[in-house]
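Asks: here's a sequence, model it:
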Amino acid sequence: MIIFIYGENQHSAAQHLGAMRDRFQEKFDASGMNLATFSGKLEIGPIAQAIQTPGFMSEKRMVVVHGLLEQVTRKPDAKPWVEFLEKTPEETILILFESQSDKKVTKNEIYKQLSKQETFHAYPFPILVGASLEKWAKDESSRIGLHISDTFLRQVTGLVGSDLWQLSGELAKLKAFAQSEAVTDEMIALFVKANFQDAMFDFVDAVSQKNTKLALKLLEEQRQSGSTDFHLFAMLARQVRLLIGARDVLERNPGATKQDVGSELGVHPFVAQKMLSQARSFNVDQLQHIHDLLFQFDKKVKTGDADMETAVDRIVVEMIS
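Replies: Numbers count the residues shown, from 1 in each chain. Below is the predicted model of the structure:
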């Protein structure tokens, strides 16, 4: 079975992946020995071995691969991956998890070829906007027992935007303060911080300008506003991936425009313009080094060899230096 979970709505995508992983472990893998996860710099050999290895005292095995399509963008490079992924045994549940847009994912050669398989399934999670975003916020408010009017809820979503990680955090802060009371305008002004993506752009601007004091100040502000280090790490990883993509566009076309970058990365023109400007402050080797560090710390945190706060601080220092 081959499953794609993808989209820029990483909050919902991650929840869906987590639910599938939990169901698998509950039904097939109580021992926890039949789940393999790959991220960072991906290589065919270890992934192929994991996919072909039979389950240990289980009829099923799950293999989760993060960000393959981001690394394999050219058709010739996709061929060897497609050749062995197409041979995924029926006993293996292969999940390819991507943070790219629907347009970006579906035009990738790996997706095109694997989508022809009988056991192929796709779960896209696009960014929520407008009525769909408000509905999500309303459902989340009900789930946590937050009493907030539609008018104030629209005010919150207007401030935060489509980042569901931050939006869920802001609603949780309001719930913690309001308890069983209704949310007021004063509470929103006091606790709800504006869009985290804008703050991340400001942070990367400070980093690219080697403004250590401002970069660390912005980082601390995010922590004080309630952003967890797990969220900060995820956003840093996403930002670095976008910078690598923008830098790649510039390497191939030094005169690239925001439209070129937006089309290539599948992002809004405003984001593309920011990425284009910031990517000029880094070279390919610098960005690859930071990306490798992100991968290393991700593994260390998962194995208990490092804590997430240390990981975030180290990545920030490396980006500044």
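Asks: please count neighbours and contacts with C-alpha atoms only from this point.
Replies: Will do.
Asks: A strand includes residue 37, no?
Replies: Yes. With DSSP: H, G, I helix; E, B strand; the rest coil as the criterion, residue 37 is part of a strand.
Asks: ok, it - contacts?
Replies: 63, 64, 65, 66 (Cα atoms under 8 Å, 6 or more residues apart in numbering).
Asks: out of those, which sit inside strands?
Replies: Within the contacts of residue 37, residues falling in strands by DSSP state E are 63, 64, 65, 66.
Asks: mind giving me the PyMOL select for these, buried ones only?
Replies: If you want just the buried ones from the ones in strands among the contacts of residue 37 in PyMOL, going by 16 or more other Cα atoms under 10 Å, the selection is:
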select buried, resi 63+64+65+66
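Asks: turn the ones in strands among the contacts of residue 37 into a markdown table, columns for pLDDT.
Replies: Listed next are these as a markdown table, based on pLDDT from 0 to 100:
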| residue | pLDDT |
| --- | --- |
| 63 | 96 |
| 64 | 95 |
| 65 | 95 |
| 66 | 94 |
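Asks: most widely separated two among the ones in strands among the contacts of residue 37?
Replies: 63 and 66 (10.1 Å; Cα to Cα).
Asks: identify the contacts common to these two.
Replies: 37, 38.
Asks: what does stretch 11-19 contact?
Replies: 5, 6, 7, 124, 125, 163, 164, 165.
Asks: pick the one among those closest to residue 283.
Replies: residue 7 (27.1 Å).
Asks: which residues sit in contact with that closest one?
Replies: Counting by Cα under 8 Å, 6+ apart, residue 7 has contacts 13, 98, 99, 100, 101, 102, 124, 125, 126, 127.
Asks: in three-state terms, label residue 5 for me.
Replies: strand.
Asks: okay, now it: neighbour count?
Replies: For residue 5, the count of nearby residues is 21 (other Cα atoms under 10 Å).
Asks: could you identify the helix or strand that succeeds the helix or strand bottoming out on mean pLDDT in the chain?
Replies: Lowest by mean pLDDT, DSSP states H and E among the helices and strands of the chain is helix 196-208, with a mean of 72. Next helix or strand after helix 196-208 toward the C-terminus (DSSP states H and E): helix 212-224.
Asks: for that next one, buried residues please.
Replies: 212, 214, 215, 216, 218, 219, 222.
Asks: do stretch 166-184 as well
Replies: Neighbour count says stretch 166-184 has 166, 167, 168, 169, 170, 171, 172, 173, 174, 175, 178, 183 buried, by 16+ other Cα under 10 Å.
Asks: now, the residues you listed that are in helices?
Replies: Secondary structure assignment by DSSP state H places 166, 167, 168, 169, 170, 171, 172, 173, 174, 175, 178 of the buried residues of stretch 166-184 in helices.
Asks: from residue 146, how far off is the first one?
Replies: Okay, so that is residue 166. The gap separating residue 166 from residue 146 is 16 Å, by Cα to Cα, to the nearest Å.
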